[in-house]
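Undergrad: For reference, the sequence and a predicted model appear below.
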Amino acid sequence: MQKQIKAAPTIIYPESDGKPMAETDRHRKLMMDFIFMLENHFEDVNDVYVSGNLLMYYEEGNIHKSVSPDVFVVFGVSKKDRRTYRTWEEGRTPDFVLEVASPSTYNKDITDKKSLYASILGVREYYIYDPYGEVQPHFQGYRLVEGRYETIAPVDSRLPSIVLGLELGERDGILSLYNASRSAWVSPPKARVSDAEARVSDAEARAAQEAQARQHAETELAKALAVIEQLKEKTQD
């Protein structure tokens, strides 16, 4: 009697951890602005992937070994869209991570995540920022040196990122990016807002055209029906 060979069960890696994207509007806006700014900054570099709030699995076969950095950058991988990030498939771990902290997340950000990013994922630079300033220090950065994180010293009140080639600092009381080579702050690309507004305008224009076309068709139909009625009356007479 032949033994039945059972196929190995397929492991499903969840795409959500059930947690909200951000605690407050300010946290969410900061995350999205950073992702947009970094995507725009590295737009012409093919092998730089920018993302955030995406589940990252770092041990094959173990769905419990995951983390979801608020903002992260990986060099050496394609820009393609991903549903999850699996380090063993990509062959690369993040080079840069930013966690947007709050009193409820800070302890984990400064202990568990800091240890994970340093010892397991080897994240070259790790930044923690609390947009409300409710934890102290509310902004700090670390650079990986021989497997351990060392505090990044500020330069002109900003923390220079060797990985990004940019500096992180507060502008008008909120964290932003500074391009020292251009002596200018990096602004969130307005093109994204413009594109969204353009899509809305196009949709409104199409709706208006369709409404006009329907009105014209109804008017023509009414005229045609009126002519038919006149012909019927003449035929009856």
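TA: Structure received.
Undergrad: show me where the protein has helices.
TA: Along the chain, counting by DSSP state H, helices occupy 25-41, 87-90, 106-110, 112-115, 190-236.
Undergrad: Flag whichever of those has the least confidence on average.
TA: When the helices of the chain are compared on mean pLDDT, helix 190-236 scores lowest, with a mean of 59.
Undergrad: Walk me through the domains of the protein.
TA: Per the record's domain assignment (automatic domain parsing), the chain is made up of the domains 25-187, 189-237.
Undergrad: so which of the ones you listed gets nearest residue 16?
TA: Between residue 16 and the domains of the chain, the tightest spacing by CB to CB is seen for domain 25-187, at 7.1 Å. (Each C-beta comes from the backbone N, C-alpha and C, glycine too.)
Undergrad: now that closest one, how far from the chain's geometric center?
TA: Relative to the chain's own centre, domain 25-187 is displaced by 12 Å; criterion: CA atoms, centre = their mean, to the nearest Å.
Undergrad: mind starting the numbering at 59 from now?
TA: Renumbered: residue one is now 59, and that last one reads domain 83-245.
Undergrad: Now the phi/psi pair for residue 127, please.
TA: With angles defined as degrees, to the nearest 10, residue 127 sits at phi -60, psi 140.
Undergrad: partner residues bridging the closest residue in space to it that isn't next to it in sequence?
TA: Excluding the flanking residues, the one nearest residue 127 by CB to CB, 6 or more residues apart in numbering is residue 155, at 4.6 Å. When assigned by DSSP bridges, residue 155 has beta-bridge partners residue 130, residue 184.
Undergrad: How about the contacts made by residue 155?
TA: Each residue near residue 155 by CB atoms under 8 Å, 6 or more residues apart in numbering is listed here: 127-130, 175, 181, 183-185.
Undergrad: Residue 84: which of the residues you listed is nearest?
TA: Residue 84 has its nearest neighbour among the contacts of residue 155 in residue 128, at 12.6 Å by CB to CB.
Undergrad: surely the closest one meets residue 156?
TA: Yes - with contact defined as CB atoms under 8 Å, residue 128 reaches residue 156; the gap is 5.9 Å.
Undergrad: which of the domains of the chain is buried the deepest?
TA: domain 83-245 (a mean of 17; mean count of other CB atoms under 10 Å).
Undergrad: Skipping adjacent residues, who's closest to residue 86 in space?
TA: residue 80 (3.7 Å).
Undergrad: Would you mind measuring from the one you found to residue 128?
TA: Taking CB to CB, to the nearest Å as the measure, residue 80 falls 8 Å from residue 128.
Undergrad: residues shared between the contacts of the two?
TA: 89, 111, 158.
Undergrad: from these, which is closest to residue 168?
TA: Sorting the shared contacts of residue 80 and residue 128 by how near they are to residue 168, with CB to CB, puts residue 158 at the top with 13.4 Å.
Undergrad: How about residues contacting stretch 104-124?
TA: When contacts are defined by CB under 8 Å, 6+ apart, stretch 104-124 is touched by residues 69-75, 79-80, 89, 92-93, 96-97, 100, 125-138, 140, 142-146, 151-152, 178-179.
Undergrad: gap between the two ends of that stretch?
TA: Start to finish, the residues bounding stretch 104-124 are 26 Å apart (CA to CA, to the nearest Å).
Undergrad: ok, back up a step: please identify which pair of the contacts of residue 155 lies farthest apart.
TA: Checking the contacts of residue 155 against each other with CB to CB, the farthest-apart pair comes out as 128 and 183, at 14.1 Å.
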